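K.L.:
Based on what follows, work out the 3D shape:
(one chain, ligands or ions: 1)
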Amino acid sequence: MSDVGSISIEDGIGVLTIDNPPVNALGLRARQALRDGFAQLTADDSVRAIVLICAGRTFFAGADISEFGKPIEQPDLAAVFGIVENATKPVIAAIHGTALGGGYETALVCHYRIAVPSAKVGLPEVNLGLLPGAGGTQRLPRVVGVEAALEIIGGGKPIPAKKALEYGMIDALAEEGKLREDAIAFAKKIVVERAPLLRVRDREDKIAPARGHPEIYADYLKKNARAFRGYKAPGNIAKAVEASVESPDFETGMTREHALFEELLNSTESAAQRYYFFAERETGKVPDVPSGTPTIDIVRVGVIGAGTMGGGIAMNFLNVGTPVTLVEMTQEALDRGIGVIRRNYEATAKKGRMTDAQVEQRMALITPALGLEALADVDLVIEAVFEEIGIKKDVFGKLDAICKQGAILASNTSFLDLDEIAAATKRPEWVVGLHFFSPANVMRLLEVVRGRKTSKEVVATAMKLAKAIGKVPVLAGVCYGFIANRIMRPYMTGADDLVLEGPTPPEVDKAIYDYGFAMGPFQMIDLVGLDVIGRGGNERTLGGDLVKRDRLGQKKNGGFYDYDERRNATFSPVAAEVIADLARHKGVENKGGLPADAIVARLLYPVVNEGAKVLQEGIALRASDIDVAAILGYNWPIYTGGPMFWADTVGLDKVVEGLRAMGIEPAEILVGKAKAGERFTR
Ligand code: T1G
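P.N.:
Residues are numbered from 1 along each chain as shown. Below you'll find the model as predicted:
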């Protein structure tokens with residue numbers, strides 16, 4: 001048997017243990033171990049039932065995603081599942097950790113499933129642009145019913161064991177920490193009771209009521225149309241689940257599922273989402289800061305500024321039980337900030353996602369303070385004061401004098417020069433940027449800005465801390481806007497320039513919306529507020545001209561759009577006039593409208609170019625980090641893979657040509673890769 005499987009027999013119960021770190025993915029060696037282990041246990045007459053269990057942190061966490069796109073070596077999952085499902089003895093799946101995708105599909109081909117309360121089960125393939133391709137869409141409806149199956153597979157979320165028991169996804173709960181013993185006891189009980197060997201595939205009671213009701217699937221897709229917009233997988237999931245009900249037999253349903261799975265597997269969308277799965281896990285790896293680098297213990301955090309950003313930042317630490325000293329300059333600002341934090345938690349509690357006791361526990365972790373002196377003993381200070389370099393340098397100079405040696409001094413600056421801020425202290429090695437994105441307690445991206453003198457220990461600590469508070473860290477060097485804000489600037493300024501030449505804001509917004517963004521640039525500016533966005537210096541800008549007409553966007557008098565009482569937007573004649581006037585002022589000739597793909601190229605190729613420069617300058621470690629920053633920071637549609645992956649799919653030579661046609665000089669690295677026929681991403 002392959003080296004990841006082992007067998008033991010206890011009182012006639014055969015236990016097959018698979019140990020394939022880190023998450024028991026169903027790669028070749030795990031599949032071989034399953035095949036060999038079942039062959040041995042089914043052939044052994046002393047074995048009356050089989051328990052399938054995994055070592056390490058989890059039951060099978062799915063097929064091995066890294067194998068996709070390559071020829072699958074035999075035995076494939078279908079072969080292994082056939083062996084398990086047709087075993088002549090009861091097979092019990094003993095689940096801990098996260099039995100996901102092919103992992104839970106493995107449990108479904110067993111006769112019974114038992115899990116510890118801390119376990120979760122689910123079919124998250126939709127997050128990879130796929131559907132459960134090893135029978136999940138055919139078996140799960142037979143266990144939970146069609147409507148629940150659609151929700152579980154289409155939602156892609158892990159289901160806690162207790163809820164899974166209610167659904168019928170598992171048959172019993174084991175005692176925490178006693179999975180093996182309880183699974184063996186469960187197996188013995190099955191044997192003693194001579195319980196029927198009923199395969200999930202043979203169950204009909206849960207799917208029969210759905211027969212002849214095609215509306216179930218259409219209604220499901222319609223209900224989720226907004227969330228599913230632009231994604232291929234949900235439609236195929238609905239078709240596969242329908243096939244589980246309407247096919248003349250199970251095998252026909254399986255054939256249908258396989259065809260629908262293959263279609264997704266070969267799609268760009270799934271390739272992009274599988275790429276992103278690994279890209280997001282790659283960001284924490286810093287080549288010159290190896291995983292064994294010593295880190296500083298962060299026991300107490302100080303946050304300066306209790307405004308929108310400071311309050312949100314503080315909540316990240318309160319959420320993981322870390323005490324926060326929250327500093328403001330006036331009692332009124334402090335009370336207001338703490339009140340916002342409390343209201344946020346109370347709103348969460350109202351939705352049932354937190355208890356009132358938890359709200360109080362988190363609020364009790366706040367130490368309000370007026371003045372920086374209260375930060376003398378914290379291990380980390382995060383400054384979220386006004387975005388002005390003089391103020392930042394003044395604060396850091398004071399912190400340097402107040403904070404203990406060994407405290408990390410972090411700035412939440414979005415654009416400013418971290419090295420200049422660090423130079424205001426005598427401890428530049430201890431200064432780092434922690435750039436949160438608003439709302440800071442929600443957005444998962446955290447840009448860790450590494451100054452010229454930031455020490456490796458501080459970098460390692462920041463990367464580790466990011467994960468501890470549920471963020472995805474992306475390391476950035478020092479430049480204006482770091483990564484996400486910098487690469488998206490040409491998108492924002494490009495939109496203004498483009499409408500001066502002819503395409504209207506609605507045409508631009510629709511092209512970008514259809515590409516996959518939640519909204520286009522003009523809808524976004526109107527939502528955020530024209531006065532907030534900051535529209536350039538003295539030079540006239542569209543936003544500036546609209547603000548002069550007291551048009552601030554949705555919040556006041558409309559902006560590029562007029563809004564009725566139900567917020568329905570219509571392109572504003574005032575905005576049209578402002579655009580025409582500014583075009584005349586700048587001497588820009590109106591060239592008329594553009595097709596959607598030309599609008600997309602016009603706005604997004606410059607983003608790719610900026611990403612190439614960020615890579616070339618060493619601001620980002622890798623192209624995939626840039627994609628992670630764009631997807632998490634700006635909701636760049638994940639099924640495109642992000643700007644760099646998308647550019648690879650467009651073709652870098654086409655991007656270079658498009659940039660040149662716009663009069664933009666492509667970055668050297670971009671031209672070089674285009675010439676060499678290389679990609680930015682794998
Ligand atoms: N395949 C290969 N590697 C995987 C993997 C997988 N399925 N899951 C995790 N890893 C690696 C990951 O890259 C990282 O590697 C390490 O394990 C720890 O992961 C046929 C088609 C299980 C909840 O979608 O959701 O089955 O960086 O950092 O935070 O129908 O990993 O250490 O080198 O995420 O504790 C369906 C994906 C696959 C589950 C653990 N399964 N994994 O989270 O650790 S498709 C999934 C996760 C499929 C079938 C279909 C999470 C986790 P490294 P981690 P974690």
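
K.L.:
Closest residue of the stretch 451-600 of the chain to the ligand?
P.N.:
K467 (8.5 Å; C-beta to the nearest ligand atom). In short, each C-beta sits where N, CA and C put it, glycine included.

K.L.:
State the helix or strand in which that residue lies.
P.N.:
When elements are assigned from DSSP states H and E, K467 belongs to helix 456-468.

K.L.:
List the buried residues of that helix.
P.N.:
Across helix 456-468, burial judged by 16 or more other C-beta atoms under 10 Å covers 456-466.

K.L.:
Dump that helix to PDB, keeping only the CA atoms.
P.N.:
Output in PDB follows, covering the C-alpha atoms of helix 456-468 (Å, rounded to 0.1, in the frame of the first residue of the first chain):
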ATOM      1  CA  LYS A 456      13.000  41.000   8.900                       C
ATOM      2  CA  GLU A 457      11.500  40.200  12.300                       C
ATOM      3  CA  VAL A 458       9.100  43.100  12.000                       C
ATOM      4  CA  VAL A 459       8.100  42.000   8.500                       C
ATOM      5  CA  ALA A 460       7.600  38.400   9.700                       C
ATOM      6  CA  THR A 461       5.600  39.600  12.700                       C
ATOM      7  CA  ALA A 462       3.400  41.800  10.400                       C
ATOM      8  CA  MET A 463       2.700  38.900   8.000                       C
ATOM      9  CA  LYS A 464       1.900  36.500  10.800                       C
ATOM     10  CA  LEU A 465      -0.300  39.100  12.600                       C
ATOM     11  CA  ALA A 466      -2.300  39.700   9.400                       C
ATOM     12  CA  LYS A 467      -3.300  36.100   9.200                       C
ATOM     13  CA  ALA A 468      -4.100  36.000  12.900                       C
END
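
K.L.:
In terms of secondary structure, what does that helix contact?
P.N.:
Contact here means 3 or more C-beta pairs under 8 Å, 6 or more residues apart in numbering; DSSP states H and E; on that basis helix 456-468 packs against strand 408-411, strand 431-436, strand 445-449, strand 472-476.

K.L.:
Need those in a markdown table (columns: mean pLDDT).
P.N.:
Formatted as a markdown table, these follow (pLDDT from 0 to 100):
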| stretch | mean pLDDT |
| --- | --- |
| strand 408-411 | 98 |
| strand 431-436 | 98 |
| strand 445-449 | 98 |
| strand 472-476 | 98 |
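
K.L.:
In CSV: the ones you listed, plus distance to the ligand.
P.N.:
Compiled in CSV, these are given as follows (distance: least, C-beta to the nearest ligand atom, whole Å):
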stretch, distance to the ligand
strand 408-411, 24
strand 431-436, 21
strand 445-449, 16
strand 472-476, 11
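
K.L.:
what element comes up after the helix or strand encompassing D497 heading to the C-terminus?
P.N.:
D497 is located in helix 484-500, with elements delineated by DSSP H and E. Moving toward the C-terminus from helix 484-500, the next helix or strand (DSSP H and E) is helix 505-515.

K.L.:
contacts for that next one?
P.N.:
With contact meaning C-beta atoms under 8 Å, 6 or more residues apart in numbering, helix 505-515 is reached by 495, 498-499, 503, 519-523, 560-561, 571, 575, 579, 593-594, 596-597, 599-600, 603-604, 637, 640.

K.L.:
Drop anything exposed from those.
P.N.:
For the contacts of helix 505-515, buried by 16+ other C-beta under 10 Å: 495, 498-499, 503, 520-523, 560-561, 571, 575, 579, 594, 596, 599-600, 603-604, 637, 640.

K.L.:
Sitting in strands, which of the residues you listed do you find?
P.N.:
When DSSP state E defines the strands, the subset of these inside them is 561, 571.

K.L.:
In three-state terms, label the nearest residue to E175 once chain neighbours are set aside for me.
P.N.:
Spatial nearest neighbour of E175, chain neighbours left out: D182 (5.8 Å); criterion: C-beta to C-beta, 6 or more residues apart in numbering. At D182 the chain is in helix, as set by DSSP: H, G, I helix; E, B strand; the rest coil.

K.L.:
show me what contacts the closest residue to K162 other than its chain neighbours?
P.N.:
Sequence neighbours aside, P117 is the residue nearest to K162 in space, at 6.2 Å (criterion: C-beta to C-beta, 6+ apart). Residues in contact with P117 (C-beta under 8 Å, 6+ apart) are 160-162, 173, 176.

K.L.:
ok, P117 to the ligand distance?
P.N.:
17 Å (C-beta to the nearest ligand atom, to the nearest Å).
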